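1. Everything below, folded, please.
(3 chains)
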Amino acid sequence: MDNTFKFESKQKTFLLGGMALGLLCLAITFLTDDSLHTRFWTNYLHNVTFFTGISFMSMFILSAFLIAWAGWYTYFKRVWEAMTQFMIVGLVLMLPVVAGVWLGFHRLYHWADADSVAGDEILQWKSSFLNPTTFTIASVLIVAIWYFFANAFRKSSLAEDQGDGSYDQNKRQTVLASIFLPIAGFSSAAVIWQWIMSIDAHWYSTLFAWYCGASWFVSAIAITILLLIYLRGKGYYSDLNASHLHDLGKYLFAFSIFWTYLWFSQFMLIWYANVGEETVYFQTRRDEYPALFFLNLGINFLIPFFVLMRNDTKRKAGTMAFVAGIVILGHWIDYFLMIKPGALHTAHELMGHAHSATADAAHAGEHHSTILAGFHYPGLLELGTMLGFLSLFLYVFFNQLAKAPLIAKNDPYLEESLAHHIEPPYTDTF
Amino acid sequence: MSAKVSPIREPLINGNKTYHQITEDICAPTERVPSLPWVIGFIVAVTGLALYVFCLAWTIWFGIGTWDLNRTINWGWDITNFVWWVGIGHAGTLISAILLLFRQKWRTGVNRAAEAMTIFAVACAGQFPLIHMGRLWLAFFIFPYPNTRGPLWVNFNSPLLWDVFAISTYLTVSLLFWYTGLVPDFATVRDRAKGLRKKVYNFLSFGWTGSAKHWQRWESLSLVLAGLSTPLVLSVHTIVSFDFATSVIPGWHTTIFPPYFVAGAIFSGFAMVLTLMIIARKIFKLEDYITLAHIESMNKVILLTGTIVGVAYLTELFVAWYSGYLPEQWAFYNRVFGPYYWSYIGMMTCNVLSPQIFWVRKYRRNIVITFVLSIFINIGMWFERFVIIATTLARDYLPSSWSYYTPTWVEIGLFVGTLGLFFTLFLIFARVAPVIAIAEVKSILKTAGNQYVGPDAIHHHHDHEVKTVAEEIKAIK
Amino acid sequence: MAATVNKEVLYGVYDDEEILLDAIKEAKRAHLEIWDVFSPFPVHGLDPLLGLSESRLHIAGFIYGAIGTLTAFLFMTWVFTRDWPMIFGGKPYWSVPSFIPITFELTVLFAAVGMVVSFYIVNGQGPGVNNAILDERITDDKFIIAFSVNNYSEEEKEKLSQFLSGTGASEVLTKEMPA
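-> Numbers count the residues shown, from 1 in each chain, chains lettered A, B, ... in the order given. Model (predicted):
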């Protein structure tokens, strides 16, 4: 079968159209926004962090699987290698947010506002971590390091194709993976604290970074499932069998439960102890965002749990595509719920302090009692923006995928992967 | 099914074993007169058990006033030991369940002994909450049953009661899982035995025949039990962590506790498995089945979980600072620099720093280093629980009630005594049951035996020619 | 009296599971009716050859688990909202998050215990059960294809023996089994 993916012009046009839609939605959001452009900037941050995280997790998955001697995924590992390449785009997309923290043209972060910090003891205390310099280091330097590893890993994997049958490149990848994993483990926490937890600048939770990471992980697996089903439909990866899909389904199932476990642990402990500083986070979300709050659990836990519990559902392309699609949307909503309430609150605070006529007007329009599209639920503009970023992600992905053979033909695990077979059930066609 | 195996996979069964040889090797320890090291070990363990019974009787007779607990430090060695033992009791089910789901073949060499160890460790753990209630004869109050006290039910909202359910469910399910795996192997021992032994093993093997349909159901059952046990393992130490984290005590109330406790439990469990297996493989001559590849894999898990635990320690410290919440910061200041600073140092060195030497492949495959390190980790994880419990309680809100605590001989005796209980049970297990899962090792022979995979393989798996194991051996000779 | 007639079993003993699988394929081609196959460990690829339908134990497990979930959750709900309502830590009577851990544990407990008990019942096994063992080497290193030959003529038995030897059986034996 065809070992090279051809990025057809039709696909390009389609994805460029998607990006144009995203840009249009961003522009409309910007123009119809309040004076601080809160909706615009939260939408921007929401999608950049979500898709960059997925890209980061693909590298994490590749490293972890290699170290654990998994073999079954080798046949389609180039998909994950291509997904890691979005990280550099994510880094560039993050630059406007970084610049805004320095220059103040967005108000995503309460701690980035000098006036607020001056009147707030807690923000002053935290300022040695929550400051523009640290934010820049986390967003630029750390992501660049991740990308460095992803790139080196991919290069080594491609060099293996030209290899002489020795396993040197496999050893090299193992070394890279084992250096990357602890770095990723430590640094992803810092990045998540900076990017997301610091939106609710007063709030803190030790579990938060792992919770966000689990959300990324599930989304990365879900996107992989959709991409593989799509590529197989296009005639690539024709040896992909139901057992490969089954195993990806197991990951989707298991990590959806793991995500729920982390969600519950974090929620239950805060609910139970009821320490005011912590409880406020969930109270805001439960009382002012009840639909999303319960929807989040419903589609990220109940659907994958009940649908994927059986063996046969994990082996059907249609069912898997359905669940994967739902779950991606679900985790995108999860990130929405992490980002929007805190940013809206910050906007209220800042506009309340400003006492300017425009700010007051905007503030009045955004009072707690009103339900706002783009804040209390994702409006059409949010969905359009998401589609735009998704198109960009896919464009980068397909572009990278087309640059290398689809199958790592010299990988020592390839034969195992091709012969991958789980029983029962006994057939591998899907 | 001639399965394809990657050329870079290391064999997991050495010595060109045949199926029959596997039966011989693994059944042998149950059929021989006990060796001298076993007898000496057993005498020492039973002495420990006697000490346990004595200290337990002493505690019940005189009351827990014989312990050094006080109003400020009201949990000490008792709960430290409880959490330590429960943690150790996580590796067995993790190895059998999670590694089964991940299809890691190296689990077959160690799962049986690890599961047995799990059950014995949980049994040891279960002692402490019961003893620490003081009036042991009223322990049945913890169960929700219709009673004449109101009817006043137990508090279902209390994490301490969740523990009762979690530990008893875990013990039951682990026992069932373990025994289901043992049944075919007991049948193997039965079919080799004579006389009374045959009767005993016939009873233990539940009438196993080896029929294809039974094997099919057996595999299906094992898979579902693995699927159920995986979240169960996570839930048990999670619920143990809830005992602390649902409170509002600074140093205890932190959301990372559930996954961090679970990682720590796996960490300590693997250390204990290594401690036991390194001795067992030597005494029972099982080096061909518990190979350096097994030890290396376990050391990798130790390195991973040790590092996760390290991330969690640092996260806690960081967030305590970051929260800007003074009592939280004070609690962590005391952990590091307070009266129990030495236990914090012990915890950090043993748990986070020492496993880092496993980055080097040579050390991961060194038996002496692995053994020494596994002991280090056992100690370090005990320190961790002591740090969490005693140092947090020692400095509470009122400086006038600050306190210090050292255990009495009774508390030390109880802890050492449970070690006696644990080793007594384990040594009996190693005598009467196959310490390695015979059927499961046989089922991976053709994909992990050294005559089939690895550098010494004598034919390539691409061959369509069918060869029996016996022919393989002939070919070598 | 007819029920006490012993089962007459003729079986071939194989040394390797791959030879066994080939032999079963041959037997299927020859339209022979296999009574049972025995092995020291689960042989992969055997179930579809023998036409064994997938085990339904996991479905039973799901039902047992669901019973556990309902038992735990409804019982706690009844206790704290009907039988003896109490407030703990300022939480509502019906504190769902607090009920989750015990509900989860009982779900797992019911599913696991139920499945294991079902397993032994459908297998006809359990403490004290004495099943007749066809050959003691099954649990060691032999793989066996067994035929029930009560209704076979001597000539048919002879042909069957030849078939088994021809497919690689190292021994062909007969045994009377209690029905």
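2. What about residue 310, how many residues nearby?
-> The chain I'm using is chain A. Residue A:310 has 16 neighbours, counted by other Cβ atoms under 10 Å in any protein chain shown. Bear in mind the C-beta positions are built from the backbone N, C-alpha and C, glycine included.
3. Correction: the question concerned chain B.
-> Neighbour tally, residue B:310, other Cβ under 10 Å: 20.
4. Next one: whichever helix or strand it is part of, is it in contact with chain A?
-> Element membership of residue B:310, judged by DSSP states H and E, is helix B:292-323. Yes - legend: contact between helix B:292-323 and chain A by Cβ under 8 Å from any Cβ of the partner chain is shown at B:300, B:307-308, B:311-312, B:314-316, B:319, B:322-323.
5. Which of those residues sits closest to residue A:97?
-> The nearest member of these to residue A:97, counting by Cβ to Cβ, is residue B:322 at 20.8 Å.
6. Skipping adjacent residues, who's closest to the closest one in space?
-> residue A:204 (5.6 Å; Cβ to Cβ, 6 or more residues apart in numbering or on different chains).
7. now residue A:93
-> Distances taken as Cβ to Cβ, 6+ apart put residue A:48 closest to residue A:93, at 4.6 Å, once the chain neighbours are dropped.
8. Likewise for residue A:42?
-> residue A:343 (4.6 Å).
9. give me every residue that touches the one you found.
-> Taking Cβ atoms under 8 Å, 6 or more residues apart in numbering or on different chains, we find residue A:343 in contact with A:38, A:41-42, A:108, A:199.
10. residues from the stretch 1-150 of chain A in reach of chain B?
-> A:67-71, A:121-122, A:125-126, A:129.
11. Mind putting the residues of helix B:292-323 next to chain A into JSON lines with pLDDT?
-> Shown next, in JSON lines, are the residues of helix B:292-323 next to chain A (pLDDT from 0 to 100):
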{"residue": "B:300", "pLDDT": "91"}
{"residue": "B:307", "pLDDT": "91"}
{"residue": "B:308", "pLDDT": "90"}
{"residue": "B:311", "pLDDT": "89"}
{"residue": "B:312", "pLDDT": "90"}
{"residue": "B:314", "pLDDT": "91"}
{"residue": "B:315", "pLDDT": "90"}
{"residue": "B:316", "pLDDT": "90"}
{"residue": "B:319", "pLDDT": "90"}
{"residue": "B:322", "pLDDT": "91"}
{"residue": "B:323", "pLDDT": "88"}
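12. and the residues you listed, which are buried?
-> B:300, B:307-308, B:311-312, B:315-316, B:319, B:322-323 (16 or more other Cβ atoms under 10 Å in any protein chain shown).
13. Flag every residue of chain C that's near chain A.
-> So far as Cβ under 8 Å from any Cβ goes, chain C lies against chain A at C:44-45, C:47-48, C:54, C:62, C:89-91, C:97-98, C:100.
14. which of these has the most neighbours?
-> residue C:98 (26 neighbours).
15. For it, pull up the helix or strand it's in.
-> Going by DSSP H and E, residue C:98 is part of helix C:96-123.
16. can you list contacts of the next helix or strand after that helix?
-> Downstream of helix C:96-123, the next assigned helix or strand under DSSP H and E is strand C:143-148. Under the contact criterion Cβ under 8 Å, 6+ apart, strand C:143-148 has outside partners C:7-17, C:19-20, C:23-24, C:27, C:32-40, C:43, C:134-135, C:138, C:160, C:164, C:169.
17. For the helix or strand hosting residue A:341, buried residues please.
-> Taking DSSP H and E as the criterion, residue A:341 maps to helix A:317-354. Buried residues in helix A:317-354, counted by 16+ other Cβ under 10 Å: A:317, A:319-321, A:323-324, A:326-351, A:354.
18. after the helix or strand bottoming out on mean pLDDT in chain C, next one along is what?
-> Every helix and strand of chain C was ranked by mean pLDDT, DSSP states H and E. The lowest is helix C:46-50, at a mean of 85. Of the helices and strands lying after helix C:46-50 in sequence (DSSP H and E), the nearest is helix C:57-78.
19. List the contacts of that following helix.
-> With contacts defined as Cβ under 8 Å, 6+ apart, helix C:57-78 is touched by A:309, B:144, B:156, B:217, B:220-221, B:223-224, B:228, C:94, C:99, C:102-103, C:105-115, C:118-119.
20. let's go with 6 Å and repeat that
-> B:156, B:217, B:220-221, B:224, C:99, C:102-103, C:106-107, C:110-111, C:114-115, C:118 (Cβ atoms under 6 Å, 6 or more residues apart in numbering or on different chains).
21. Just the C-alpha atoms of that helix, please, in PDB.
-> C-alpha atoms of helix C:57-78 as PDB (Å, rounded to 0.1, in the frame of the first residue of the first chain):
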ATOM      1  CA  LEU C  57     -19.300 -14.200  32.200                       C
ATOM      2  CA  HIS C  58     -18.500 -10.500  31.700                       C
ATOM      3  CA  ILE C  59     -22.200  -9.800  31.100                       C
ATOM      4  CA  ALA C  60     -23.100 -11.500  34.400                       C
ATOM      5  CA  GLY C  61     -20.300  -9.400  36.000                       C
ATOM      6  CA  PHE C  62     -21.900  -6.200  34.700                       C
ATOM      7  CA  ILE C  63     -25.300  -7.200  36.200                       C
ATOM      8  CA  TYR C  64     -23.800  -8.200  39.500                       C
ATOM      9  CA  GLY C  65     -21.900  -4.900  39.600                       C
ATOM     10  CA  ALA C  66     -25.100  -2.900  38.800                       C
ATOM     11  CA  ILE C  67     -26.800  -4.600  41.700                       C
ATOM     12  CA  GLY C  68     -23.900  -3.600  43.900                       C
ATOM     13  CA  THR C  69     -24.100   0.000  42.800                       C
ATOM     14  CA  LEU C  70     -27.800   0.200  43.500                       C
ATOM     15  CA  THR C  71     -27.600  -1.600  46.800                       C
ATOM     16  CA  ALA C  72     -24.900   0.700  48.200                       C
ATOM     17  CA  PHE C  73     -26.300   3.900  46.900                       C
ATOM     18  CA  LEU C  74     -30.000   3.300  47.700                       C
ATOM     19  CA  PHE C  75     -29.100   2.000  51.100                       C
ATOM     20  CA  MET C  76     -27.100   5.000  52.100                       C
ATOM     21  CA  THR C  77     -29.700   7.300  50.700                       C
ATOM     22  CA  TRP C  78     -32.400   5.500  52.700                       C
END
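22. Work out the gap between it and the centre of the chain.
-> In terms of Cα atoms, centre = their mean, to the nearest Å, the centre of helix C:57-78 is set 24 Å apart from its chain centre.
23. ok, the residue nearest to residue B:322 - how many residues close by?
-> By the criterion of other Cβ under 10 Å, residue A:204 has 26 neighbours.
24. show me what contacts it?
-> Residues near residue A:204 by Cβ under 6 Å, 6+ apart: B:319, B:322-323.
25. What is the least confident helix or strand in chain B?
-> Least confident helix or strand of chain B, by mean pLDDT, DSSP H and E, is helix B:469-476 with a mean of 54.
26. which residues of the stretch 151-300 of chain A fall in helices?
-> With DSSP state H, counting those that start in this stretch, the ranges of helices along the stretch 151-300 of chain A come out as A:168-195, A:208-233, A:242-273, A:276-288, A:290-297.
27. Select, out of those, the one closest to chain C.
-> Closest to chain C of the helices of the stretch 151-300 of chain A is helix A:242-273 (Cβ to the nearest Cβ; 4.8 Å).
28. Buried ones in that closest one, by neighbour count?
-> Residues of helix A:242-273 classed as buried: A:242-273 (neighbour count, 16+ other Cβ under 10 Å).
29. do stretch A:380-400 as well
-> Neighbour count says stretch A:380-400 has A:381-382, A:384-398, A:400 buried, by 16+ other Cβ under 10 Å.
30. State the mean pLDDT of it.
-> If you average the pLDDT over stretch A:380-400, you get 95.
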